[in-house]
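**Student:** okay, predicted coordinates and the sequence, questions at the end:
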Amino acid sequence: AQSVAQPEDQVNVAEGNPLTVKCTYSVSGNPYLFWYVQYPNRGLQFLLKYITGDNLVKGSYGFEAEFNKSQTSFHLKKPSALVSDSALYFCAVRATDSGGGADGLTFGKGTHLIIQP
Amino acid sequence: ETGVTQSPTHLIKTRGQQVTLRCSSQSGHNTVSWYQQALGQGPQFIFQYYREEENGRGNFPPRFSGLQFPNYSSELNVNALELDDSALYLCASSIARAPLYVQYFGPGTRLTVT
């Protein structure tokens, strides 16, 4: 079974400061990892993914994430936060070996990111 | 390019009733996945459809069922509604069923069961 942990329910950052939203995962074999963002009363918007290759992945809106296999982590980062980054962020994982099928993503509980002006 | 659309936006049903939710895939996508997002939780995978057949299922009972049509649109049906079925139901489409492909989500249908 696969799982995702987002240890912080909420992260508060001052505008202009760097931000980090933490994610650790558990999966059999190699993972595919994703970050999504959800604004109030909206669906999820894709930010970035790690499939293979470079451990630092760049995505939309200036976000990036660092894959660390030894720590089974995939933390989301941004060098300079904007007030408009305030939203709910979800980390998700899927095993590369789906056993012939293609089950869905496993999501964490989400982290509320609040950027203070 | 048209994104994923879902209907209706909101729905209120009574316990024991049945409900059908609809989803239109993003243009060019042939795989649809459904998720349930309870309040304060992350989305949970219900099932996935590929080429009009169920291609994988999460830990949901058989009263959750679905269909995929030749145009790749999809329906989620829930029978014998329970209060705990109240949630945001999200549909996601992808270009193929392989797990490396990004799933793009619709805005969701908010179901309230009273």
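**Tutor:** Great, that's in hand.
**Student:** residue ranges with poor pLDDT in chain B?
**Tutor:** B:1-2, B:97, B:99 (pLDDT under 70).
**Student:** please enumerate the strands of the chain.
**Tutor:** Because you didn't say which chain, this covers chain A. For chain A, applying DSSP state E gives strands covering A:3-5, A:10-14, A:19-21, A:24-26, A:31-38, A:44-50, A:56-58, A:64-68, A:73-78, A:87-95, A:106-107, A:111-116.
**Student:** actually it's chain B I care about, not the one you picked
**Tutor:** Assigned by DSSP E, chain B shows strands spanning B:5-7, B:10-13, B:19-24, B:31-37, B:44-50, B:53-57, B:64-68, B:74-78, B:87-94, B:104-105, B:109-113.
**Student:** what would these look like in a markdown table with mean neighbour count and distance to chain A?
**Tutor:** C-betas here are computed from N, CA, C, even on glycine. A markdown table is the format used below for those (neighbours: other Cβ atoms under 10 Å in any protein chain shown; distance: least, Cβ to the nearest Cβ, whole Å):
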| stretch | mean neighbour count | distance to chain A |
| --- | --- | --- |
| strand B:5-7 | 16 | 8 |
| strand B:10-13 | 13 | 10 |
| strand B:19-24 | 20 | 11 |
| strand B:31-37 | 26 | 5 |
| strand B:44-50 | 23 | 3 |
| strand B:53-57 | 16 | 4 |
| strand B:64-68 | 19 | 13 |
| strand B:74-78 | 21 | 13 |
| strand B:87-94 | 25 | 6 |
| strand B:104-105 | 22 | 4 |
| strand B:109-113 | 18 | 8 |
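**Student:** out of those, nearest to residue A:64?
**Tutor:** Taking Cβ to Cβ as the criterion, strand B:104-105 is the member of the strands of chain B that comes nearest to residue A:64, at 20.4 Å.
**Student:** in its sheet, what does the closest one sit against?
**Tutor:** Here strand B:104-105 is paired, per DSSP bridges, with strand B:87-94 (antiparallel).
**Student:** partners of residue 45 in the sheet?
**Tutor:** If you meant another chain, say so; for now it's chain A. Under the criterion used (DSSP bridges), residue A:45 bridges to residue A:37.
**Student:** looking at chain B here, not the other one
**Tutor:** residue B:35.
**Student:** where does chain A dip in pLDDT?
**Tutor:** Residue ranges of chain A with pLDDT under 70: A:97-103.
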